[in-house]
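# missing the sequence, but the structure's below:
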């Protein structure tokens, strides 16, 4: 299998109302089965998502909840469900004093660009909208797909058998993110090349009329992530015990799991028991006359 990735030169500065399909087709020739990657920044610029004002205020406006804080860095779950530094609010590659917000609907943006490319060129392509994000446990950042259209965003190998006869159980390559990373390698950050074209994976491109599940399907639901809070924030949330802070801890643990957790901290005391129970989806009622804490299920 051969894969070719290139980022065409010559794209002018993108402003509100810009026709992205026309800009793309003016600098490259597409074939059926190509995959077009476009940075979220130029999508946002074309859609009028450049704003002025205090950056912290815009981060707060784009934030669904805070995941972790470390000094000046704030990691949040934003309104799109993406866990990102500063909610994806960006002050780079824009006039000083301005900020770029993420597109309102990145999957919708990808669908529109796909349809416009087809209307203008007759070509059936897949489209991903990319943005830069950090990774847990790894230094640095890479690009991911925050929007997608006309593309199989992942490939499920569960149930397949490897050459040694082993059945695969949890192998789900997220090809949309892999394509976004490949695109960033040729686009760069400071080169003014907002588009990239990937050729050689036409098998991932869907026919017109089928836009696929989109990149939103790659976002875990609230409570579905094993790391819904940073380590410090998880302790604070559990000790505070506010009901609206419980969903990121996930579904209620079984009585056996909770019992095992409590056994690991035998001298936790009443407040420690309450915090452990809260983090496992249970609540401690008042201590009874025998000095025993009664614990009951709290979340479904």
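Looks like it came in fine. It should be emphasised that the depicted structure is a prediction, and the values quoted were computed from it without experimental measurement.
# Compute the distance between the residue nearest to the spatial centre of the chain and residue 220, please.
Nearest to the mean C-alpha position of the chain, counting by C-alpha atoms, centre = their mean, stands residue 82 at 3.7 Å. Distance, residue 82 to residue 220, by C-beta to C-beta, to the nearest Å: 10 Å. Any C-beta I mention is one placed from the backbone N, CA and C, and that applies to glycine too.
# for residue 258, same thing?
Counting by C-beta to C-beta, the separation of residue 258 from residue 220 is 23 Å.
# out of these two, which sits in the busier spot?
Higher neighbour count among residue 258 and residue 220: residue 258, with 19 against 11, using other C-beta atoms under 10 Å.
# Chain neighbours aside, what residue packs nearest to the more buried one?
Counting by C-beta to C-beta, 6 or more residues apart in numbering, residue 258 lies nearest to residue 280, which is 4.7 Å off, once chain neighbours are set aside.
# repeat for residue 169
Nearest to residue 169 is residue 158, by C-beta to C-beta, 6+ apart, at 6.0 Å.
# which residues touch the one you found?
Applying C-beta atoms under 8 Å, 6 or more residues apart in numbering to residue 158 gives the contacts 168-172.
# Format those as JSON lines; extra columns: distance to residue 72, neighbour count and pLDDT.
Output for the contacts of residue 158, formatted as JSON lines (distance: C-beta to C-beta, whole Å; neighbours: other C-beta atoms under 10 Å; pLDDT from 0 to 100):
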{"residue": "168", "distance to residue 72": "42", "neighbour count": "13", "pLDDT": "77"}
{"residue": "169", "distance to residue 72": "41", "neighbour count": "9", "pLDDT": "75"}
{"residue": "170", "distance to residue 72": "36", "neighbour count": "7", "pLDDT": "70"}
{"residue": "171", "distance to residue 72": "38", "neighbour count": "12", "pLDDT": "74"}
{"residue": "172", "distance to residue 72": "35", "neighbour count": "12", "pLDDT": "81"}
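# so which of those would you say is closest to residue 145?
Of all the contacts of residue 158, residue 145 sits closest to residue 172, with 14.4 Å by C-beta to C-beta.
# That closest one in helix, strand or coil?
Judged by DSSP: H, G, I helix; E, B strand; the rest coil, the three-state class of residue 172 is coil.
# Show the backbone phi and psi for it.
With angles defined as degrees, to the nearest 10, residue 172 sits at phi -140, psi 80.
# Count residues in the vicinity of the residue nearest to residue 136 when sequence neighbours are not counted, would you?
Of all residues not flanking residue 136 in the chain, residue 227 sits nearest, at 6.3 Å (C-beta to C-beta, 6+ apart). Neighbour count of residue 227, defined by other C-beta under 10 Å: 13.
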